[in-house]
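S.K.: sequence unknown, structure follows:
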């Protein structure tokens, strides 16, 4: 079996860590910023060395292709190279560098392949500079309206359209990923959670992306003086919120143990220690791979009483996402290849969203996860050991070669 | 029995509602502001008409005295005329106008009295412009250090000292209330709570001011991704806070039913809907007239577990206040006079603080409460019906006359 080269992999990771280096172990590399453009340039320089053919589409997505037999659809691999503010050196970029290393290995080791193999870089995945996240894969996969996206503004008042024009990376619409010319899309990504590390697994065989619902609850009470209002006359919106959160925990705990749910945001009003709160708003985010479980979550939410400790309780869905299921054959390939390489692996669903979830709608897709130490992500502490990065690249290589046989 | 004059009372309230009028039914009359100085001037004009002798002390507290027999200690009555931002027409000022009306009645009706009768206006009771509240009664009663108070700054960077100098109301230290020359201090105030209205009582016979403790709790968890962290690996600081708040409610509910306790402020961090909170801070304010009950509250707080759902729980006392008990004889006079006037009345403890609680330490003191409709206070909706204001003044008048017989 032919493996990727660990030293080359390490060199790539170290080199790209310089583009947007915060000096504290992480990077700030917002989409289409100067540091992101430097990183793109470095990728293209390397692709050209490997005699790849580079194209850009109208959203500045990059497609760099290693030739295959004429007329056959391509095997696509890739991710994004933008980061959040003070992000890490793995989220997104590791998927790009893995694709590059796989292609480099194929070229250097002169591995025969029939299909064209394409490295893809999706523009503005994080949505940290231009809202929303996964913007450009979303446009290509018909999830978002391009005209709306072009108007998205960063905090300095620069529109995505302006940044696109100025970047020098804007190509043409006919260069977009074309599903009929695409045999597969594969994305390697860090897990962004603690499960693989905790379960001592090298590889996450990603079966899909969890469905999710996100609700906001509002409890309405009466703002009275904390020192003068007897308990029996009170309408304490924070106590009502406490009761509702406890109810949600008690009920949701009875569902499948793979369900995750979180109240991450709570805001009380007027939020003064001597005044009984008259309004408390809080969120509930719930995710699971099985739509039926998400439906059960919604049933539980619908059973929240309209009135709790004298306070009116309301809720609304802020947004939701259906479960995305990846291409079964490719998921099985990942499993088989992890096993053949002698790596420990487990099946897993992604909690966060990825470009692959949009691509999955139009091209057979799967993902490979590698461990995130302590689950750190979107922060400078984000870390995946080199050994794990290399193992991920090896599973990717074998999977590309399997698909090439189709 | 001689009564105060309801029309005169009404005229006073309406006139003083103009000083700082917000145009929406309330006033903004911050301490020593232009509108507060106008109100002072109007009080002094009226005192001079009644041939009262006016003095100011070094904190701009006003003492306006109606002569009595030489050498006898004075009966003091009063309150404050500053308000919070967008406050109402009753908190503080009603105590000043009641004192004025009582003295006016004594003068007009030529009621004989032996003791000098002094109207007192305490500077900066609300603490809304210059922190802390009850500043000037606090200085006179040795609760606060004057030098520190002079340095207190408003939001525009003006010190209390500057405002004092500029006001024209700064007098001398030897004009301060002198306990040996003071037979009584009486303060009428709105209840600022819903009890008198709910219990259909005209008069609150105030026995004292509740003791209180105010604690801040901090729960420390771990900020992980809401979508990737299985429930069993979580340290959710908000869920820990929910559990602690519920524990406090369950335990405190078992204590005396006059105990009031409130979590008015809660702040979660990072407070993002997709991140498990790693720190949640919240307050607990608890008040009761009986020190033993407050001690039980503290015992319950001390039994809060150090760790809840994997999160560390800490707490600290922000401040506390011992119960203040008013002068028993004067409390009884208020009760007797309410009864003799044919008014419904009940004994009550004050939840909020008042100048009277500081004065109580050095001069025999009591308070009279009148109802606050719906308990509204510190807002433009603050309202006490004229009938109730007048009844309060009548009880005050009879109580002054009773004390005059001592």
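M.R.: Thanks, I have the structure now. The shown structure was predicted, so the numbers you read here are calculated from the model rather than taken from an experiment.

S.K.: Mean confidence (pLDDT) on the host helix or strand of residue A:164, please.
M.R.: Counting by DSSP states H and E, the element that carries residue A:164 is helix A:160-167. In this model, helix A:160-167 has a mean pLDDT of 98.

S.K.: May I see the buried residues of it?
M.R.: By neighbour count on 16 or more other C-beta atoms under 10 Å in any protein chain shown, the buried set for helix A:160-167 is A:160, A:161, A:163, A:164, A:167. Placement of C-beta: from N, CA and C, glycine included.

S.K.: Just send these back as TSV, with distance to chain B too.
M.R.: Formatted as TSV, those follow (distance: C-beta to the nearest C-beta, whole Å):
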residue	distance to chain B
A:160	22
A:161	28
A:163	25
A:164	27
A:167	29
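
S.K.: Provide a list of residues in contact with the residue in the stretch 251-400 of chain A positioned nearest to chain B.
M.R.: Nearest to chain B, among the residues of the stretch 251-400 of chain A, is residue A:351, at 2.8 Å (C-beta to the nearest C-beta). Taking C-beta atoms under 8 Å, 6 or more residues apart in numbering or on different chains, we find residue A:351 in contact with A:192, A:193, A:210, A:260, A:287, B:225, B:226, B:227, B:228, B:229.

S.K.: What is the neighbour count of the nearest residue to it once chain neighbours are set aside?
M.R.: Excluding the flanking residues, the one nearest residue A:351 by C-beta to C-beta, 6 or more residues apart in numbering or on different chains is residue B:227, at 2.8 Å. Burial of residue B:227 is recorded as 22 neighbouring residues (other C-beta atoms under 10 Å in any protein chain shown).

S.K.: SS state for residue B:227?
M.R.: With DSSP: H, G, I helix; E, B strand; the rest coil as the basis, residue B:227 sits in coil.

S.K.: Hmm, residue A:289 and it touching each other?
M.R.: No - assessed by C-beta atoms under 8 Å, residue B:227 is found out of contact with residue A:289, at 11.5 Å.

S.K.: Identify the contacts common to the two.
M.R.: Listed as contacting both residue B:227 and residue A:289 by C-beta under 8 Å, 6+ apart are residue A:210.

S.K.: Neighbours of residue A:153, how many?
M.R.: Around residue A:153 there are 15 other residues, counting by other C-beta under 10 Å.

S.K.: and it, what are its phi and psi?
M.R.: The phi/psi pair for residue A:153 (degrees, to the nearest 10) reads phi -110, psi 140.

S.K.: Just the buried residues of the contacts of residue A:351.
M.R.: Buried members of the contacts of residue A:351, counted by 16+ other C-beta under 10 Å: A:192, A:193, A:210, A:260, A:287, B:225, B:226, B:227, B:228, B:229.

S.K.: mind checking how far the residue of the stretch 251-400 of chain A closest to chain B is from residue B:292?
M.R.: Separation of residue A:351 from residue B:292 (C-beta to C-beta, to the nearest Å) stands at 51 Å.

S.K.: got the buried residues for the longest helix along chain A?
M.R.: Scanning chain A for the helix with the most residues, using DSSP state H, yields helix A:386-404. Within helix A:386-404, the residues scored as buried using 16+ other C-beta under 10 Å are A:388-404.

S.K.: Which elements pack onto the helix holding residue A:164?
M.R.: Counting contacts by 3 or more C-beta pairs under 8 Å, 6 or more residues apart in numbering or on different chains; DSSP states H and E, helix A:160-167 packs against helix A:146-150.

S.K.: Please tell me the pLDDT value assigned to residue A:134.
M.R.: Looking at residue A:134, its pLDDT reads 97.

S.K.: which residues in the stretch 101-250 of chain A form helices?
M.R.: Along the stretch 101-250 of chain A, the stretches classed as helices by DSSP state H, counting those that start in this stretch are A:135-140, A:146-150, A:160-167, A:195-198, A:237-252.

S.K.: Distance to residue A:44 added to those helices, as CSV?
M.R.: Formatted as CSV, the helices of the stretch 101-250 of chain A follow (distance: least, C-beta to C-beta, whole Å):
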stretch, distance to residue A:44
helix A:135-140, 17
helix A:146-150, 23
helix A:160-167, 13
helix A:195-198, 32
helix A:237-252, 47
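
S.K.: ok, back up a step: now the longest helix of chain A, how far from the centre of its chain.
M.R.: How far helix A:386-404 lies from its chain's middle: 20 Å, per C-alpha atoms, centre = their mean, to the nearest Å.

S.K.: Could I get the average pLDDT for that helix?
M.R.: In this model, helix A:386-404 carries a mean pLDDT of 98.

S.K.: which secondary structure elements does that helix contact?
M.R.: Counting by 3+ C-beta pairs under 8 Å, 6+ apart, helix A:386-404 packs on helix A:6-16, strand A:74-79, helix A:93-108, strand A:182-190, strand A:203-209, helix A:328-340, strand A:365-370.

S.K.: partners of the fourth one, with directions?
M.R.: It stands for strand A:182-190. The strands beside strand A:182-190 in its sheet (DSSP bridges) come out as strand A:74-79 (parallel), strand A:365-370 (parallel).

S.K.: Specify the angle between that strand and strand A:203-209 in degrees.
M.R.: When axes from the mean of the first three to the mean of the last three C-alpha atoms, to 10 degrees is applied, the directions of strand A:182-190 and strand A:203-209 differ by 120 degrees.

S.K.: Tell me which residue of chain A is furthest from the middle?
M.R.: Distance from the centre of chain A peaks at residue A:228, with 50.5 Å (C-alpha atoms, centre = their mean).

S.K.: how much space between that residue and residue B:174?
M.R.: 37 Å.

S.K.: got it, and residue A:282?
M.R.: Remark: distance between residue A:282 and residue B:174 (C-beta to C-beta) = 57 Å.

S.K.: Alright, I will stop here.
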